[in-house]
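J.: Need the 3D shape of this:
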Amino acid sequence: MPTPSRVVVVPQQQGEPLQVLDLTLPDPGPHEVVVKQYASGVCHSQLHTIHSPRPVAQILGHESTGEVTAVGSAVTGLAVGDTVMVTWVPKDAAQAARPGTGVTLDLPDGTQANTRSVFTWATHTIADEMFVVKVPSGIDREVTAIIGCAVITGAGAVLHTAGVQPGDSVAVFGVGGVGLSAVAAARKCGADPIIAVDLVDDKLDFAKRFGATVGINASEVDPIAAIRDLTRREGVYDILREPVAGVDFAFDCIGVPVTMRQISEVVRAGEFGRTRGGVAVLVGVPMTPLELDSRFMLLGERTYRASLGGSCSPGEDLPRFLQWHADGDLDLDALVTQRYGIDQINEAVEDLERGRIAGRSILVFD
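T.: Numbers count the residues shown, from 1 in each chain. From the prediction side, this is the model:
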């Protein structure tokens, strides 16, 4: 039977406040499930949708925890009563092979709102089973909601996209929720040093709780010069016979032009004739083109790589990161720094835009 839900809707007209509407979710299709939600992350990438032109109203959010209340006729591995996480990345290769569907909801004024994949800023959601992962019933219902995006994006970039190994040097640009997850994963992988780069001293201090060994305030010093000074390798030379300096891996968890360029300039050159250079990994969602110094990249045999969803397979990685949390390797209680009710969604978005969120914020549903 149809399910009533309170849903955050981004109006089609730009500049209007987000609305919380009483809507009705349809019965699930063959591969769909309905989830009563406990909590949802509030992701910075959703600001791009809020501030971009759109043909129709939008429904947002892509990480949550909840309980299955209905399943479609072809759903496998999920049942009513299961505790689950909703994410935006297909949970395994078999599910990803299906085309999947987005969701369109009817609004009270006769128009519609839609999403290409999932929406979690709602008391109840309906989603393709490919985005829903069964997890143990005893998990923390609130702080674990951010694993489905913030954690898989940041930690997954370190673990999977880059493949950081013990002793590798790492720099993370932007230590919000995604960046802090990257820092925590770098510590778990045994990286050293782990250099956090941001514009606010308080955020750099906070990053040390998650494993950062050095903090660089890019509003006060040139982070490129500072990182090179920290990572010079005496007796190791590049093609120009200059001492090699720079990190093995640099992660941009912001996605603005300056940081996209900076990560390419802080990764080390290869030792000519012996090793390849470092790897710059773009994690944050970019909204502009990127121009690189191609000669610099070539002569150092450096690599620039993109990471989408941390190259994760949620069916395997969500349980992995839950275990990290249980073992004390990923402090989600510290990472979630602000909670809001659904009717505070505009306040939550404003706080996010103005940089008031130290880690990650969540919506908590009754």
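
J.: Quick one: distance of stretch 149-169 to the chain centre.
T.: Between the centre of stretch 149-169 and the centre of its chain there are 12 Å (CA atoms, centre = their mean, to the nearest Å).

J.: same check, this time on stretch 102-110
T.: 27 Å.

J.: Other residues contacting it?
T.: Identification of contacts with stretch 102-110 by CB atoms under 8 Å, 6 or more residues apart in numbering yields 7, 9, 21-25, 57, 59, 112-119, 126-127. To be clear about C-beta, it is placed using only N, CA and C from the backbone, and glycine gets the same treatment.

J.: Using CSV, write out every CA atom in that stretch.
T.: Taking Å, rounded to 0.1, in the frame of the first residue of the first chain, the C-alpha atoms of stretch 102-110 are listed here in CSV:
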residue,chain,number,x,y,z
GLY,A,102,15.2,7.1,-10.4
VAL,A,103,12.2,8.2,-8.4
THR,A,104,9.5,10.7,-9.4
LEU,A,105,7.0,11.9,-6.8
ASP,A,106,3.7,13.8,-7.3
LEU,A,107,3.5,17.1,-5.5
PRO,A,108,0.3,18.7,-4.1
ASP,A,109,0.2,21.4,-6.8
GLY,A,110,0.1,18.9,-9.6
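
J.: what mean pLDDT would you report for whichever strand in the chain runs longest?
T.: Identified as the longest strand of the chain according to DSSP state E is strand 32-42. The average pLDDT within strand 32-42 is 98.

J.: can you check stretch 159-177 too?
T.: 98.

J.: C-alpha coordinates for it, CSV please?
T.: Presented in CSV, the C-alpha positions along stretch 159-177 are these (Å, rounded to 0.1, in the frame of the first residue of the first chain):
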residue,chain,number,x,y,z
LEU,A,159,41.7,2.4,0.5
HIS,A,160,40.6,1.6,-3.0
THR,A,161,41.3,4.4,-5.5
ALA,A,162,44.8,5.1,-4.2
GLY,A,163,45.7,1.9,-2.4
VAL,A,164,47.7,3.6,0.3
GLN,A,165,50.2,1.4,1.9
PRO,A,166,52.1,1.5,5.3
GLY,A,167,54.7,4.2,5.3
ASP,A,168,53.2,6.2,2.3
SER,A,169,53.0,9.9,2.8
VAL,A,170,49.6,11.5,2.3
ALA,A,171,48.1,15.0,2.1
VAL,A,172,44.4,15.7,2.4
PHE,A,173,43.1,19.0,1.2
GLY,A,174,39.8,20.0,2.9
VAL,A,175,39.0,18.2,6.2
GLY,A,176,35.3,18.3,6.4
GLY,A,177,33.3,15.1,6.6
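
J.: buried ones in it?
T.: Buried residues in stretch 159-177, counted by 16 or more other CB atoms under 10 Å: 159-162, 164, 168-177.

J.: got it, and stretch 273-280?
T.: 277-280.

J.: gap between the two ends of that stretch?
T.: End-to-end span of stretch 273-280 (CA to CA, to the nearest Å): 21 Å.

J.: Show me the helices in the stretch 101-250 of the chain, by range?
T.: Assigned by DSSP state H, counting those that start in this stretch, the stretch 101-250 of the chain shows helices spanning 150-156, 177-189, 201-208, 223-230.

J.: residues contacting the closest residue to residue 72 other than its chain neighbours?
T.: Nearest in space to residue 72, with sequence neighbours left out and distances taken as CB to CB, 6 or more residues apart in numbering, is residue 28 at 4.1 Å. With contact set as CB under 8 Å, 6+ apart, residue 28 has these partners: 34, 70-72, 75, 126.

J.: Which secondary structure state does residue 28 sit in?
T.: coil (DSSP: H, G, I helix; E, B strand; the rest coil).

J.: Which pLDDT value belongs to it?
T.: 96.

J.: try residue 287
T.: pLDDT, residue 287: 85.

J.: would you list every one of the strands in the stretch 251-366 of the chain?
T.: For the stretch 251-366 of the chain, the strands defined by DSSP state E, counting those that start in this stretch cover 279-282, 303-306, 336-340, 360-364.

J.: most packed of the ones you listed?
T.: strand 279-282 (a mean of 26; mean count of other CB atoms under 10 Å).

J.: So in that sheet, which strands flank that one, and in what orientation?
T.: strand 249-252 (parallel), strand 303-306 (parallel) (DSSP bridges).

J.: For the ones you listed, could you give me CSV that also reports mean pLDDT and distance to residue 98?
T.: Formatted as CSV, those follow (pLDDT from 0 to 100; distance: least, CB to CB, whole Å):
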stretch, mean pLDDT, distance to residue 98
strand 249-252, 98, 31
strand 303-306, 98, 24
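
J.: so which of those gets nearest residue 186?
T.: Residue 186 sits nearest to strand 249-252 of all the strands paired with strand 279-282, at 8.2 Å, using CB to CB.

J.: what does that closest one contact?
T.: Counting by CB under 8 Å, 6+ apart, 154, 157-158, 162, 164, 168-174, 179, 182, 191, 227, 259-260, 262-264, 266-267, 278-284, 307 sit against strand 249-252.
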